[in-house]
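Trainee: What follows is a predicted structure for the sequence shown.
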Amino acid sequence: MSNLFQSQKSSRFLTKFFTYAFLLLLSVIILYPLLITASSAFKAGNIAAFDLSFDATWTLDNFRRLFADTLYGEWYINTLIIAFVTMAVQVTLITLAGYSYSRYRFIGRKKSLVFFLLVQMIPTTATLVAFYVMALLLGALDQSWFLIFLYIGGGIPMNTWLMKGYFDTIPIDLDESAKLDGAGQFRIFAQIVLPLVRPMLAIQALWAFMTPFGEYMLAKFLLRSPENYTVAIGLQTFISNPQEQKVALFSAGAILIAVPISILFFMLQKNFVSGLTAGGTKG
Amino acid sequence: MEHTEAQKKNIRTATWLSVIPGFGQFYNKQTFKGIVFLAIFALFIYEMIVFGFQAFVGMVTLGSTPGQDHSLFLLIEGSLQILLTVIYFLFHIINMYDARQVAILHAEDKNVNKSVIDVLKNVYNHGFPYLFTIPAYLVMIFAIIFPVLVTIFISVTNYDFYHIPPASLIDWVGFDNFVNMFFLSSYRDTFFAVLGWTIIWTLGATTLQIAIGIFTAVVLNQKFIKFKRIFGIIFLLPWAVPAFITIMSFSNMFNDSLGAINTQVIPFIDSLLPFIELDTLPWKTDPFFTKIAIILVQGWLGFPYIYVLVSGILQSIPEEQYEAAKIDGAGPIHRFRHITFPTILTIAAPVFITQYTFNLNNFNMIYLFNEGGPGSIGAGAGSTDILISWIFKLTTGTSPQYSMAAAVTLFISIFVIVIAFLVFKKTKAFEMED
């Protein structure tokens, strides 16, 4: 009996040991590359090695050079403008459309919903050739408005679906009782239902906002002159030439994007998780 | 309700009259609506005479005089006209449907809106969902549908760097590009090499991130763990930090001579495990090692999303289920296989599928890590290029092959849609509540 007790105890110890070992190892693997990037941003001189070492001269000079000697400031502003416009327009469009699909039974509703589902599967960025020809015709090469338009359009089918799914979770009795109280259609939408979908609006806004930061393919293809670049393309120019890698500048630029976006992410993370499961299970 | 012969005749007349939009409405005594419909019809006819007919002709010929006719613009104008015509015909059908419905209302002696104000009121009351969805549709049509239409047309032309308008014309060549893709040796070899790696990459990377995500969630779900919140935050970091930044950081880290993996990690492992003697590895100059690195990095990037999702699911599994299994003598592995894993799979399967389709087109991971390299495997593709990054190179390279890029695009789209369609059919996403 005591023997059995012994073995149970030691197996529990082993479980604990391996659990913590795994968690620590995974933490190290996650933090290691992030710390390398973070620390490289503060190293003086044109460092070439990209590793975690602390025998360097620490400085803020990389940040000064970033804005003084490169176009980073302009890239950042370009990206912010693109991101804000994309976010505002896309969230408006998908909220209106998602609401209609959730609350109204109109002719063509079901067919167009299936249509959304199918369209959503097309890898939109892959129709690059068509975008190129359209941009030629419109004189929109190197113009950010065309890029914004494509970002907005590309996100509509998928996000309308998610939005509809979330609206579906708001009980329709609310609308009915508001209607009995004499509220018009627009008031029901704007004052009764809309406030209740705020968590999903936050997620959608963050997603739409982040797309222009991370999207590389279309931006690289459509934006031709360096002063029109977004941060993703701009930063890549720092490290794309193997002979002349500016890893310190790259790291400094990376931090200025990663920190605010991560903070936004963690602020909205609660919404994120609930939206993920609500929208996900509803399909 | 059964209609009399005379009523039936009225309904038929209204429907037939509306073959010319507006006339059916006039017959129904809806003058205002009739004028609007007739005006739309007249506008379309006018458009056809001024622009549309020319556009269709241009679409067929794609121009006849090099330097003067711009084949691309003709193609775009033609596509636009096709889109416009389809939209018009939708209106035409709606118009006929409307005339018929209103005639039926008349036959049944129900109230019919005749005055301008009544019609506008009716539009406001019942047009809400349309007003709300039309903006989204307009943007989607021009940002997605129209480009897809143009891509389909370009894929059956010979648009490449030999044929750049306006200096030279573009011609219709039928399915030559698709035939070349599958049978012409220079394209075929590249296509199948790229396709093969695309499939391996998609399955390998996605399965890896799902496996790490599930494993982490299960491990972190154990009750005795302290500092759960701290671990939770650390494990979210790869999701919180924008992917393009971490990919570029990893790209630096895997640099053969200067990167941390070769200068720090491998020496560290060597010193830790004396019986293993690892050498520095050619992460970015040898295709095999580049592929390994890309898959591993994607595992790092993609697991938090799965981990968060699965953590939520794990908390929803009732404790009693595990207790009952324990009493029956089921060990932890048995419990995972028969309780945890099936539950996760039933709830998260659709999300897993979207992860696979996401990685199938994960351009950033491939291109920002090593620009699809190292080396070239012909037809503009590098040894780690997937289909989407090959399309990018076909379109942007020094000798662009636009029509071939369009053909490959269609191939991916059809591939993805067919697979997704089959899966969604199985997961019942098409069964809607009404």
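Mentor: Happy to help now that I have it.
Trainee: Could I get the buried residue list for the strand or helix carrying A:Val114?
Mentor: According to DSSP states H and E, A:Val114 maps onto helix A:109-121. For helix A:109-121, the neighbour count (16 or more other C-beta atoms under 10 Å in any protein chain shown) marks A:109, A:112-113, A:116-117, A:119-121 as buried. For the C-beta atoms, the positions are set from N, CA and C on the backbone; glycine is no exception.
Trainee: so which of these also contact chain B?
Mentor: By C-beta under 8 Å from any C-beta of the partner chain, the members of these lying near chain B are A:109, A:112-113, A:117, A:119, A:121.
Trainee: Could you check how far the helix holding A:Val114 is from the centre of its chain?
Mentor: Relative to its chain's centre, helix A:109-121 lies at 24 Å (C-alpha atoms, centre = their mean, to the nearest Å).
Trainee: circling back: switch the buried residues of helix A:109-121 over to JSON lines; also include pLDDT.
Mentor: Formatted as JSON lines, those follow (pLDDT from 0 to 100):
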{"residue": "A:Arg109", "pLDDT": "84"}
{"residue": "A:Ser112", "pLDDT": "83"}
{"residue": "A:Leu113", "pLDDT": "83"}
{"residue": "A:Phe116", "pLDDT": "82"}
{"residue": "A:Leu117", "pLDDT": "78"}
{"residue": "A:Val119", "pLDDT": "81"}
{"residue": "A:Gln120", "pLDDT": "78"}
{"residue": "A:Met121", "pLDDT": "78"}
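Trainee: Can you name the residues of the stretch 51-200 of chain B that neighbour chain A?
Mentor: Residues of the stretch 51-200 of chain B lying close to chain A (C-beta under 8 Å from any C-beta) are B:72-73, B:75-76, B:125-126, B:128-130, B:132-133, B:135-137, B:139-140, B:142-151, B:154, B:159.
Trainee: Mark which of these are buried, thanks.
Mentor: Among these, the ones that count as buried by 16+ other C-beta under 10 Å are B:72-73, B:75-76, B:128-129, B:132-133, B:136-137, B:139-140, B:142-151, B:154, B:159.
Trainee: Which of these fall in helices?
Mentor: B:72-73, B:75-76, B:128-129, B:132-133, B:136-137, B:139-140, B:146-151, B:154 (DSSP state H).
Trainee: Return the residues in contact with A:Leu150.
Mentor: Each residue near A:Leu150 by C-beta atoms under 8 Å, 6 or more residues apart in numbering or on different chains is listed here: A:124, A:131, A:218, B:143.
Trainee: Setting the sequence-adjacent residues aside, check what's closest to the first one.
Mentor: This means A:Thr124. A:Gly154 (4.3 Å; C-beta to C-beta, 6 or more residues apart in numbering or on different chains).
Trainee: in which helix or strand would I find that neighbour?
Mentor: helix A:144-168.
Trainee: okay, the angle between that helix and helix B:146-154?
Mentor: Angle, helix A:144-168 to helix B:146-154, by axes from the mean of the first three to the mean of the last three C-alpha atoms, to 10 degrees: 120 degrees.
Trainee: Give me the neighbour count for the residue of the stretch 151-283 of chain A found nearest chain B.
Mentor: Evaluated by C-beta to the nearest C-beta, the stretch 151-283 of chain A has A:Gly153 as its residue closest to chain B, separated by 2.1 Å. Using other C-beta atoms under 10 Å in any protein chain shown, A:Gly153 has 24 neighbouring residues.
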